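J.: quick one: sequence plus predicted model below, questions after.
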Amino acid sequence: MSKLVGRRIKEDPKDAKTVSHKFLVRGGYVRPVSAGIYSLLPLGKRIVEKIEAIIREEMNRIEGQEVLMPVVLPADLWKESGRYESVGAELLRFRDRNGKPMILAMTHEEGIVHLVRTELNSYKQLPVMLYQIQTKYRDEARPRAGLIRVREFTMKDAYSFHTDQADLEKYYYRCHEAYERIFRRVGMKNVLSIEANSGMMGGKVSHEFMAICDCGEDTVITNADYSYRANREIAVAAWKFDKGEPLPLEKVSTPGTKTIEEVANFLGVKPEETGKAVFYQDARTGELIFVLIRGDFEVNEVKLANAVKVPELKFADDSAIEAAGAVPGFASPVGIDGRKVRIVIDRSAAETGNLVVGANEADFHYRNFNFDRDMAGTECIVTDIACVREGDPCPLTGQPLIFSRGIEVGNIFQLGTKYTESMHCDYLDRDGKSHPMIMGCYGIGVGRAMAAVIEQSCDEYGPIWPMSIAPYQVELCAINPDKAGVGEACEKLYADLTAAGIEVLYDDRGEKAGSMFSDADLIGIPLRLVVSPKTLADNAVEFKVRGSRDAEKLEISSAVAAVAARVEAEMAQYR
């Protein structure tokens, strides 16, 4: 300890809101350099290396081959795939000294396709999976929570290439199993694999691995027995709607009532008896999109974007709404010209009868809107674009849906030909015909995994590291090392433990016991041996497990064997 670089800090950092952020800084694992950018100190580096070693073992176990691609890539590759224009400001773009457009890679689909198309061209060479553990950079607008949302980070990203979809699906689920092993082996206590939206990555099938904890920024939606799992972006519920007997459409005066609450109160109806109009625009083309959803639901913008096949939406301004013939605050799909606007009707509005909706006239609404009757002949999309609510019925079991918080620690995607087609990464089949390769990709955030372990495994004093990734396996504490032969006894224990293959951090500083134990808690090493004049008087050492209040005494002559057996037993859980 007298040689270890990285001091312990008593006070929480002012900007730290999460447990992992506080303890990673206070314990001397990381140091902030700039917003979302951190240096790893020796303790943090040791943990990261152990996580990476587990990842490598599991990737090699499923025939992965490790490569290393550049962090800096020419923009031309991203232009080939189409993502140079479609990805926003989070992609850091710059020019080199020759004026050539370059990017700092936030992900490496383009890089791996460039590599594979130069090396592989025959069905005989497929399938193959290549992976790397590499630095990434995402120019995150709002870094937060220490290593959970950063700008520079280390990621394991893997990419598989196949001749057909069936082969991809077979490998995809092998990788899914490998991910489950990885998260168990690094010591995460509760990780759920959930269905997810593919987003900017593309493809039709994807799963996120969520470490369940209160500080998570993602919402995980499950039922009580976990048979249903999804994230908020794609979750569905077994909603049942009632059309009832259609009543005549009636125009009524509703002066100054623009919100659902105002309209419902004025007319004496419930929010679920109203229809809410929400206007969006395609952020690139400006095309107007009119959404009608029942008043007690909120629009799920990811579902909407997928339904209209628009990569980025924004709220429409009033001038665009008025140009389409609608009146902000009193808008309705009734009478709207479908040639000027795309109309999307949520199932809740299409399948509920006699709703109150806008009349496209200031201070007026319609009563008794019925989609089948009042929108007959109007071109529109009817689909589920609603956000699931806590307590809604599960689509599998009917049980109430439960909302939890989670940290996304990994994700996997069936990409298909999104990148290989646009970038001409082809293989020749048995007949010499050319086809685009079928791709999958698989990512794990290494630093985020370290932070997630702390969130799930800590107490008020510091982390409680699992043996598999702990910076050291045993901490040896010398109390009064200058007295009663304590220093000499500790030196011998340190040498014998090290010779037995045990990783030992020896606190030789001669600090007071309270300070020493406080530091030990912040470092969070699983097993602790304490040697003092008092223990030596009994020819013993004190043995304690991190997180336990109880300690026991071991005879000094058998301490090394006892500790080695305990380390082996702990490690066996993670193999």
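T.: Yes, it's here. Computed from a prediction, not measured in an experiment: that's the story for all the values here. Numbers count the residues shown, from 1 in each chain.
J.: which SS class is the nearest residue to A537 once chain neighbours are set aside?
T.: Nearest non-adjacent residue to A537, counting by CB to CB, 6 or more residues apart in numbering: A484, 7.5 Å away. Heads up, the C-betas are built off the backbone N, CA and C, glycines and all. Assigned with DSSP: H, G, I helix; E, B strand; the rest coil, A484 falls in the coil class.
J.: before we move on, what about T378?
T.: Here T378 is recorded as coil under three-state DSSP.
J.: backbone dihedrals for it, please?
T.: phi -90, psi 130 (degrees, to the nearest 10).
J.: ok, it to F371 distance?
T.: 10 Å (CB to CB, to the nearest Å).
J.: okay, the residue sitting nearest the centre point of the chain: pLDDT?
T.: Centroid-nearest residue in the chain, with CA atoms, centre = their mean: E408, separated by 2.1 Å. Per-residue pLDDT puts E408 at 94.
J.: residues contacting it?
T.: Neighbouring residues of E408 by CB atoms under 8 Å, 6 or more residues apart in numbering: E208, F209, M210, D218, G445, R448.
J.: burial count for the fourth one?
T.: Using other CB atoms under 10 Å, the number of residues around D218 comes to 17.
J.: show me the contacts for it.
T.: D218 makes contacts with E208, M210, N231, R232, R405, G406, I407, E408, as judged by CB under 8 Å, 6+ apart.
J.: so what's it bridging to?
T.: Per DSSP bridges, the residues bridged to D218 are G406.
J.: give me the distance between it and T383.
T.: 24 Å.
J.: low pLDDT regions in the stretch 201-350 of the chain?
T.: 201-203, 338 (pLDDT under 70).
J.: for it, which segments are assigned as strands?
T.: Per DSSP state E, counting those that start in this stretch, the stretch 201-350 of the chain carries strands over the ranges 205-212, 218-222, 229-231, 250-253, 275-282, 288-294, 313-315, 342-346.
J.: also the stretch 451-575 of the chain?
T.: Taking DSSP E, counting those that start in this stretch to define them, one finds strands in the stretch 451-575 of the chain at 458-459, 462-463, 474-478, 504-507, 527-531, 540-545, 551-555.
J.: so for L304, which of those sits nearest?
T.: Minimum separation from L304 across the strands of the stretch 451-575 of the chain (CB to CB) falls at strand 458-459, 38.9 Å.
J.: next one: the closest one to chain centre, how far?
T.: Offset of strand 458-459 from its chain centre (CA atoms, centre = their mean, to the nearest Å): 22 Å.
J.: if we can go back for a sec, if I look at the residue nearest to the centre of the chain, how far off is A211?
T.: As for E408, its distance to A211 is 8 Å (criterion: CB to CB).
J.: of the contacts of E408, which is the most crowded?
T.: The most neighbours of any of those, using other CB under 10 Å, belong to M210, which has 28 neighbours.
J.: ok, that one - contacts?
T.: Contacts for M210 (CB under 8 Å, 6+ apart) come out as V191, L192, S193, I194, G216, D218, V220, N231, G406, I407, E408, V409.
J.: tell me what it is bridged to.
T.: L192, E408.
J.: picking that back up, turn the strands of the stretch 451-575 of the chain into TSV, columns for mean neighbour count, mean pLDDT and distance to G358.
T.: Listed next are those as TSV, based on neighbours: other CB atoms under 10 Å; pLDDT from 0 to 100; distance: least, CB to CB, whole Å:
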stretch	mean neighbour count	mean pLDDT	distance to G358
strand 458-459	16	95	52
strand 462-463	26	96	55
strand 474-478	26	97	68
strand 504-507	22	97	68
strand 527-531	24	97	67
strand 540-545	20	96	65
strand 551-555	13	94	71
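J.: which among the ones you listed is found nearest to S422?
T.: Of all the strands of the stretch 451-575 of the chain, strand 462-463 comes closest under CB to CB, at 44.2 Å.
J.: now the closest one: how far from the chain's centre is it?
T.: 22 Å.
J.: that older thread, tell me the one of the contacts of D218 nearest P70?
T.: Among the contacts of D218, E408 lies closest to P70 (CB to CB), at 25.5 Å.
J.: now do F161 against V5, distance only.
T.: According to CB to CB, F161 and V5 sit 43 Å apart.
J.: so those two - more neighbours on which side?
T.: A count of neighbours by other CB under 10 Å puts F161 above the other of F161 and V5, at 25 against 8.
J.: my guess is the more buried one meets N121, correct?
T.: No: look at F161 against N121 with CB atoms under 8 Å: they stay out of range, at 11.2 Å.
J.: pLDDT averaged over the helix or strand harbouring H365 - what is it?
T.: Per DSSP states H and E: H365 is located in strand 364-369. On average, the pLDDT along strand 364-369 is 95.
J.: that strand to strand 275-282, inter-axis angle?
T.: Orientation note: strand 364-369 sits at an angle of 110 degrees relative to strand 275-282 (axes from the mean of the first three to the mean of the last three CA atoms, to 10 degrees).
J.: neighbouring strands - and their directions - for strand 364-369?
T.: Strand pairing for strand 364-369, using DSSP bridges, gives strand 250-253 (antiparallel), strand 355-358 (antiparallel).
J.: identify all contacting residues around the last one.
T.: So the one you mean is strand 355-358. Counting by CB under 8 Å, 6+ apart, 263-264, 267, 269, 273-275, 277, 292, 294-295, 326-327, 329-334, 349, 364-370 sit against strand 355-358.
J.: need the buried ones from those residues selected in PyMOL.
T.: Per 16 or more other CB atoms under 10 Å, the buried members of the contacts of strand 355-358 correspond to this PyMOL selection:
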select buried, resi 263+264+269+273+274+275+277+292+294+295+326+327+329+330+331+332+333+334+349+364+365+366+367+368+369+370
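J.: now the strands of the stretch 451-575 of the chain in a markdown table, with distance to H424?
T.: A markdown table is the format used below for the strands of the stretch 451-575 of the chain (distance: least, CB to CB, whole Å):
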| stretch | distance to H424 |
| --- | --- |
| strand 458-459 | 49 |
| strand 462-463 | 48 |
| strand 474-478 | 55 |
| strand 504-507 | 53 |
| strand 527-531 | 56 |
| strand 540-545 | 57 |
| strand 551-555 | 65 |
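J.: report the buried residues of stretch 240-258.
T.: Neighbour counts over stretch 240-258 (16+ other CB under 10 Å) mark L249, T254, T257, K258 as buried.
J.: how about CSV for these, with distance to L77 added?
T.: Listed next are those as CSV, based on distance: CB to CB, whole Å:
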residue, distance to L77
L249, 56
T254, 55
T257, 54
K258, 48
